[in-house]
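Asks: Next one to model:
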Amino acid sequence: MPLEIERRFLPKEKNWRPEGDAEPITQGYFKLGEGGTKASVQKWPWPSFWLNGERLTYLGLADYKHLLPLLNAEGEVPAGWKARIRCYFGVRYVLDLKGPRTGTTRFELAEKPLSEATGKRLLALCGDTILQKKRYTLPYRGHAWQVDVYEGQHAGLITCEVELPSPTSIVQLPPWVGEEITDRKLFGNT
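Replies: Sure, this is the predicted structure:
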């Protein structure tokens, strides 16, 4: 099963800002099983992901096999999961599916491409879950740290995260990393 294993931190100093090129990201979420939002996976005629009765993207056979044991009898993704719509650089739209977090770990269906028209329409429907950030990737001792500098209503927030190969992986923290916030829900949607 594809797992996302990550730890999140705040920077040590409030005014710390990373240097270098940033990747602008806009993203929003659909909380599945809430407010009438339903997601399902159908195999015929090919494995596809559906949101509120609309086919959004094709799934690879491996992704389908990972999702199959999680679905209910109607092929629906269980409540408590989230579908994330993300836009990179204002032009590339993707969808991914995230399960509930348990410590540092949660199921994650890797990003699947969406057409620009579908991505824009879905992102507009995400309402108050939409956020903007600039992402910096900084290498440190064998790990790629992602530093997100939030904009808009979350301006001033900076998070640092690192993805790990296992929940028991030991990682040496960079000198600019401070308090761990892995178990905190920052926006009520992540």
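Asks: tell me the contacts of the residue nearest the centre of the chain?
Replies: Centrality entry for the chain: nearest residue to the mean C-alpha point is R84, 5.9 Å, by Cα atoms, centre = their mean. Contact analysis of R84 by Cβ atoms under 8 Å, 6 or more residues apart in numbering lists 27-30, 95-98. Heads up, the C-betas are built off the backbone N, CA and C, glycines and all.
Asks: one more time with 7 Å, if that's ok
Replies: 27, 29, 95-96, 98 (Cβ atoms under 7 Å, 6 or more residues apart in numbering).
Asks: With neighbour count and secondary structure as added columns, please give those residues in CSV.
Replies: Below are the contacts of R84 laid out as CSV (neighbours: other Cβ atoms under 10 Å; DSSP: H, G, I helix; E, B strand; the rest coil):
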residue, neighbour count, secondary structure
Q27, 20, strand
Y29, 21, strand
L95, 22, strand
D96, 19, strand
K98, 17, strand
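Asks: about what we covered before: looking at strand pairing, list the partners for the residue nearest to the centre of the chain.
Replies: Y29, D96 (DSSP bridges).
Asks: now the helices: where do they sit in the chain?
Replies: Using DSSP state H, the helices found in the chain span residues 61-67, 116-124.
Asks: Pipe the ones you listed into JSON lines and attach mean pLDDT per row.
Replies: Below are the helices of the chain laid out as JSON lines (pLDDT from 0 to 100):
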{"stretch": "helix 61-67", "mean pLDDT": "91"}
{"stretch": "helix 116-124", "mean pLDDT": "96"}
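Asks: Format those helices as CSV; extra columns: distance to E163.
Replies: Converted to CSV, the helices of the chain look like this (distance: least, Cβ to Cβ, whole Å):
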stretch, distance to E163
helix 61-67, 18
helix 116-124, 24
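Asks: Relative to Y88, which of the ones you listed is closest?
Replies: Closest to Y88 of these, according to Cβ to Cβ: helix 116-124, at 10.1 Å.
Asks: which residues touch I181?
Replies: Residues near I181 by Cβ under 7 Å, 6+ apart: 8-10.
Asks: of the residues you listed, closest to L59?
Replies: Comparing the contacts of I181 against L59 with Cβ to Cβ places R8 closest, at 27.6 Å.
Asks: With T104 as the reference, name the closest of the helices of the chain.
Replies: Between T104 and those, the shortest separation by Cβ to Cβ is 19.1 Å, and it involves helix 61-67.
Asks: distance between the closest one and the chain's centre?
Replies: Remark: helix 61-67 is offset 18 Å from the chain centroid, using Cα atoms, centre = their mean, to the nearest Å.
Asks: Give me the residues contacting it.
Replies: 1-2, 41, 43, 47, 109.
Asks: Need the buried ones from the residues you listed selected in ChimeraX.
Replies: To isolate the buried ones among the contacts of helix 61-67 in ChimeraX, judged by 16 or more other Cβ atoms under 10 Å, type:
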select :41,47,109
